[in-house]
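need a 3D model of the sequence below.
(one chain, ligands or ions: 2)
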Amino acid sequence: MAVAAKFREIGRKIVCVGRNYGAHAAELGNPIPEKPILFLKPTSSYLSEGKSIKIPKGCSSLHHEVELGVVIERTGSNIPETAVPDYIGGYVLALDMTARDFQDEAKKKGQPWTLAKGFDTSCPVSSFIPKDKVPNPQNIQLWLKVNGATKQDGNTKDMIFSIPTLVAYISQFFTLEPGDVILTGTPSGVGPTNPGDTIQCGLSDVVTMQFTVSK
Ligand SMILES: O=C([O-])CC(=O)C(=O)O
Ligand SMILES: [Mg+2]
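Residues are numbered from 1 along each chain as shown. Ligands and ions are numbered 1, 2, ... in the order given. Next comes the predicted model:
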């Protein structure tokens, strides 16, 4: 049976970091984290360009969060910070689409963020960006416009925890595997999107992407 053969196969992961930019933590009234805040998205949430972001059933506040994604190319656990560059194959530009009303309710009740963060289409991504296209991932602009108006304009230099720190930390708990993606958190300026909106975003001018939002 196909499923019996597959059920323990190691799959790709999307590991997300929350509140990694002080200005974003502040805009939602959250404290600066003392260690990285982690959550997961299922790979069924991936969306590539040309398809539209679907507002999940019952959500009345779907927020955009533009983020730099790190793509892992080698298996590793307990990776020392100094060795992290050897484990990175490249990058993606990603949107951590968030059902903010679901997340607010979960936060109030002390429940997990899975629904708020992991629904179908919650992870729009660019095509793979080879690492030589991003010589300094810790100093690159991340921007996002909704219907042509700039909403997010940040720089990865403002991350609280750097990429090497994040990868080393995550690998103490999760074995990282080729194809895993780490979303490194969003800069400030998150906000709601509505059916019919067009979201454009970019990693400086290295890559840009565009998605529409639909019901
Ligand atoms: O939902 C949030 O505010 C946490 C998060 O994903 C981020 O900071 O990128
Ligand atoms: Mg995020």
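
need the residues of this protein near ligand 1, please.
Counting by C-beta under 6 Å from any ligand atom, the residues of the chain close to ligand 1 are Cys16, Gly18, Arg19, Asn20, His24, Leu28, Glu65, Asp96, Thr98, Gln103, Gly185, Thr186. Where you see a C-beta, it was placed from the backbone N, CA and C, and this is true even at glycine.

among those residues, which ones are in helices?
Among the residues of the chain next to ligand 1, the members found in helices (DSSP state H) are His24, Gln103.

point me to the residue of this structure nearest ligand 1.
Gly18 (3.3 Å; C-beta to the nearest ligand atom).

ok, and the closest non-adjacent residue to that residue?
Excluding its sequence neighbours, the residue lying closest to Gly18 (C-beta to C-beta, 6 or more residues apart in numbering) is Ile37, at 3.9 Å.

again with His24
His24 sits nearest to Ser188 (C-beta to C-beta, 6+ apart), 4.6 Å away.

measure that neighbour to Thr82 for me?
30 Å (C-beta to C-beta, to the nearest Å).

name the helix or strand for the nearest residue to Lys215 once chain neighbours are set aside, please.
Spatially, and ignoring its direct neighbours in sequence, Lys215 is nearest to Pro195 (4.7 Å; C-beta to C-beta, 6+ apart). Taking DSSP states H and E as the definition, Pro195 sits outside all helices and strands.

which strand residues bridge the most centrally placed residue in the chain?
Relative to the mean C-alpha position of the chain, the nearest C-alpha, by C-alpha atoms, centre = their mean, is the one of Leu183, at 3.4 Å. The partner list for Leu183 in beta bridges (DSSP bridges) reads Cys16, Gly69.
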